[in-house]
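> Just to be clear, the model below is a prediction. Sequence and coordinates:
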There are 2 protein chains.
Amino acid sequence: MTDLRSAADVEARTDAIVRLLERHRVLTALAGRQQTAKRDLLEQMQRRENLAELQRHVRGLHPADLAGVLASLPTEERLIVWRQLPRREAGLVLVETAPDVRESIIANVDREEIAGAVAQLDADDLAYLSDALPRDVFLEAAATLAARDRTWIADTRAFPESSVGRLMSRDVVDVRDDQTIGDAIAALRARAALPDQTDRLFVVDARHLLRGSLPLQTLLRSEVTTPVAEVMLTHVTAFRPEDPASEAAQAFERYDLVSAPVVDELGKLVGRLTIDAVLDFVRIESDQDALNRAGLRGAEDLFANVRHSFRNRWPWLALNLMTAFVASRVIGWFEGEIMRLAALATLMPIVASLGGNTGNQTVALVTRALALDQLRGSRFRLVRKELAVGAINGVLWGGVLGVFALILYHSAALGAVLMLAVVLNLLVAALAGIFVPLVLYDWGRDPAQGSSVVLTFVTDGMGFLLFLGLARALLV
Amino acid sequence: MTDLRSAADVEARTDAIVRLLERHRVLTALAGRQQTAKRDLLEQMQRRENLAELQRHVRGLHPADLAGVLASLPTEERLIVWRQLPRREAGLVLVETAPDVRESIIANVDREEIAGAVAQLDADDLAYLSDALPRDVFLEAAATLAARDRTWIADTRAFPESSVGRLMSRDVVDVRDDQTIGDAIAALRARAALPDQTDRLFVVDARHLLRGSLPLQTLLRSEVTTPVAEVMLTHVTAFRPEDPASEAAQAFERYDLVSAPVVDELGKLVGRLTIDAVLDFVRIESDQDALNRAGLRGAEDLFANVRHSFRNRWPWLALNLMTAFVASRVIGWFEGEIMRLAALATLMPIVASLGGNTGNQTVALVTRALALDQLRGSRFRLVRKELAVGAINGVLWGGVLGVFALILYHSAALGAVLMLAVVLNLLVAALAGIFVPLVLYDWGRDPAQGSSVVLTFVTDGMGFLLFLGLARALLV
């Protein structure tokens, strides 16, 4: 068995590429200096040889592996590597790579290079890239396609982002329900090749309405004279192009699907959704979610230029500045108390911080339950449980802190105020941890993204207010 | 086409189950009260009818859908639903459901009920559940398996958690490389059924060494007299049982695999890895990651009891308490300054908060790059870029804050100190945002989990130190 794609091989080639790029950089830097013609010639030869070796390793990698390598390189080197590819592979790498990396390549090479790379893509891939390509490049590439393919691209682009329609492929193998297994096998053999992830054919009637599915293994195990309608499966999980892709992803996961038919409102077979497209969708979504949670708007390229990074990050910081400013004004009301007892300033961040952390634990649980659709008419029990956990944590950690305060500042009253503030703030955190994501969800916002800012705002503000307010009432 | 599993149907049945459980609760509560024998009889009948309807809906759901429903129910109702299932389905639901839900069921029903449910599971499913089952129940179920199956379970359990060996299935269809296509088809037909996700057969030689793979579509498209060795694919992505499952997941995603062979160190075919097991692994991992980031150790059941929740959450809070305490001691050094100028206490949380937020943006980028293996010998450029972004943000937002401080406290010096502290803390945040995840990664820790605590500790502590220290030097 020759295993061209073993992880070790990919690793070795990737390392080689990084090393050869390093060498290329050194040789290019040398070329700029004054020197004898003979040395110059020698170095030119070295550069050429170096690039040839680079090309060999680049071309030895699968487009998907190369897409990963490109993401790890700064823009200039990314372009050097991408340019080592034959046109068709260069196009496929654009399809495989992350959106931010794709954008950096398209923005930095000539129009003709992009046009050449995408010229040989099929309709599905071109439709996938359409939003990223310059308008005229896209139109030029689309013009070379058959009329049916052009219509397909226009149709799929009309579906909303993250819908099944955007992910589906037109590459469907169908059989008629009045055919026999022998007919179906003959039709299969007449095709040049079956599309990837073909685990079943879809059965349609004379009007092209979906009637069932026919697994390849049924084809293999049935007599050639058997009518298709007799052995086909009639329980088929089908999707509509307008269905959200996330719903389809859940179905693929639950029912262990490899491919599924897509039908229009009449039930006519219009396309096919496959596990590879679903898996890519899941990965890109969860990647984006993780970045959004940290306040990055887009999937920022690691080597994006400073201006781009700044644009990507400032809205979050501006929002954060506003909430921090409001929390700070809460403290401002108590400056008189703080001047009399500076220990208040020393201890108040702990109250806020513990509240933020317990609250975010609850937020994580509730957000997950919302994503998995697991919160059905049982909010009251959840509130009771979270309040109980908050109270226990409050008494425990508040007690520990109270003892510390007593030891450090020799004041039992200060210790008691601190403990009470921690208990109350953890109860606030438990309630906010439940209701902030629920309210965001009910408003149609993604609770995974906004909840943490709002929660921290509540627990900071209330933490300061409770601790300093109790101190004003009971201490100073 | 009858589409038993449409999302709308699942939704309707789920709603019906929730409604019927509600009714069951009311009827059960009524039964406890003193009343006439006649009413009692009537209510008993109603209860029975209600449960029968519940059972009908429960049995109409796919085990994977039912697993989702169970997770959304409190423990008692979860048990009522689970008990409506026939034994075999009850076992399958245990396999499909989340680990925390599974645990709550196993802990709350009789030993015999569990033993009955798992008695009919196949070796793969039993191996998957083995860690969750009581030891004696597992042994009893395993005893009914064939000797070969028992060995298989023992073998797979010996592989490390989250390895390919734990996810692979023994259900492999292989053909010999000296057979013909006709032989292979005859062998297929002789089997009762092909395992799910069989898109290809694996080709082995006389010593059972893996030689290649034979897609079902090749079987369909080749003449029956063709030797298998002639049409098989020899480029096969194969895994070793010891390989990390995450590596296999990446390969499945990159190369759009549906199934792949697992071979031992000699190259002998020992099992098969399929896309459904890989997809489940990816989902469980990313779910767990999201909870871990928020400081929950396990996948906490939404309706876990209070004690369990507390155990799941306290280590994070204890760690957080310690770091908050240290940051608070930093403030303690400056109590003299704070008593003279309380505005310092009011403004200091803003410096810390902005630092934490910018730092976490950098952490998110670096963690993602580490997860995707995209940080190769280019750390210096990254540092330069992040410092530049930090400086720009620092001057901008520090400037805004400085002006606010000037307006609120009529002190240009205070505004200048605030701005300077913000700029410096954002530079600290940029460096910490890069190096904290890198160092954790080099130490073999998961940077996605620990980075945020350490980073916030650094930016809080340094934020307070820089602002109050500058104030001591320049202001008070």
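The structure has been received and is ready for your questions.
> Can you mark which positions in stretch A:457-476 are buried?
Residues of stretch A:457-476 classed as buried by neighbour count (16 or more other Cβ atoms under 10 Å in any protein chain shown): A:457-471, A:475-476. Yep, even glycine has a C-beta here, placed from its N, CA and C like the rest.
> Then stretch A:283-294?
Residues of stretch A:283-294 classed as buried under the neighbour-count rule (16+ other Cβ under 10 Å) are A:Arg283, A:Ser286, A:Asp287, A:Ala290, A:Leu291, A:Asn292, A:Arg293, A:Ala294.
> repeat for stretch A:240-257
Applying a neighbour-count criterion of 16+ other Cβ under 10 Å, one finds A:240-241, A:243, A:245-246, A:248-254, A:256-257 buried in stretch A:240-257.
> could these go into TSV alongside pLDDT and distance to B:Leu220?
Compiled in TSV, the buried residues of stretch A:240-257 are given as follows (pLDDT from 0 to 100; distance: Cβ to Cβ, whole Å):
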residue	pLDDT	distance to B:Leu220
A:Arg240	93	30
A:Pro241	93	29
A:Asp243	92	31
A:Ala245	92	31
A:Ser246	88	34
A:Ala248	92	27
A:Ala249	91	29
A:Gln250	87	31
A:Ala251	90	27
A:Phe252	91	24
A:Glu253	88	28
A:Arg254	87	29
A:Asp256	89	22
A:Leu257	92	21
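> Return only those of those found close to chain B.
Subset of the buried residues of stretch A:240-257 in contact with chain B: A:Asp243, A:Ala251, A:Phe252, A:Glu253, A:Arg254, A:Asp256, counting by Cβ under 8 Å from any Cβ of the partner chain.
> can you list the weak-confidence ranges in the stretch 251-400 of chain A?
Judged against pLDDT under 70, the low-scoring parts of the stretch 251-400 of chain A cover residues A:298-299, A:376-378.
> I'd guessed A:Gln374 sits against B:Ala71; true?
Yes: A:Gln374 lies in contact with B:Ala71 (Cβ atoms under 8 Å); the separation is 4.9 Å.
> list the residues that contact both of the two?
Counting by Cβ atoms under 8 Å, 6 or more residues apart in numbering or on different chains, the residues touching both A:Gln374 and B:Ala71 are B:Leu302.
> Show the end-to-end separation of stretch A:336-347, please.
Taking Cα to Cα, to the nearest Å, stretch A:336-347 runs 16 Å from one end to the other.
> what ranges do the strands span in chain A?
Here chain A has its strands, by DSSP state E, at A:174-176, A:200-204, A:210-215, A:259-263, A:269-274.
> For chain B, find the nearest of those strands.
Put simply, out of the strands of chain A the one that sits nearest chain B is strand A:210-215, at 5.2 Å, with distance taken as Cβ to the nearest Cβ.
> quick one: the closest one to chain centroid distance?
Distance of strand A:210-215 from the chain centroid (Cα atoms, centre = their mean, to the nearest Å) equals 32 Å.
> That one close to chain B?
Yes: residues of strand A:210-215 are located near chain B by Cβ under 8 Å from any Cβ, namely A:Leu210, A:Arg211, A:Gly212.
> ok, and the closest non-adjacent residue to the last one?
It stands for A:Gly212. The shortest distance from A:Gly212 to any non-neighbouring residue, by Cβ to Cβ, 6 or more residues apart in numbering or on different chains, is to A:Met232 (3.7 Å).
> can I assume that neighbour is in contact with A:Asp178?
No: counting by Cβ under 8 Å, A:Met232 stays clear of A:Asp178, with 11.6 Å between them.
> Of those two, give the one with the bigger neighbour count.
Taking neighbours as other Cβ atoms under 10 Å in any protein chain shown, A:Met232 and A:Asp178 compare with A:Met232 leading, 22 against 12.
> If we ignore the residues flanking it in sequence, what's nearest A:Asp276?
On the basis of Cβ to Cβ, 6+ apart, the spatially nearest residue to A:Asp276 that is not a chain neighbour turns out to be B:Asp256, at 3.9 Å.
> List just the nearest of the buried residues of stretch A:283-294 to B:Val263.
B:Val263 has its nearest neighbour among these in A:Arg283, at 26.5 Å by Cβ to Cβ.
> From what I see, the closest one and B:Glu253 are in contact.
Yes: A:Arg283 is within contact range of B:Glu253, at 6.3 Å (criterion: Cβ under 8 Å).
> what's the residue nearest to A:Asp276 sitting at in phi/psi?
Backbone dihedrals for B:Asp256, given as degrees, to the nearest 10, come out at phi 50, psi 50.
> hang on, it packs against A:Asp196?
Yes: the pair B:Asp256 and A:Asp196 qualifies as a contact (Cβ under 8 Å) at a distance of 5.8 Å.
> All set, thanks.
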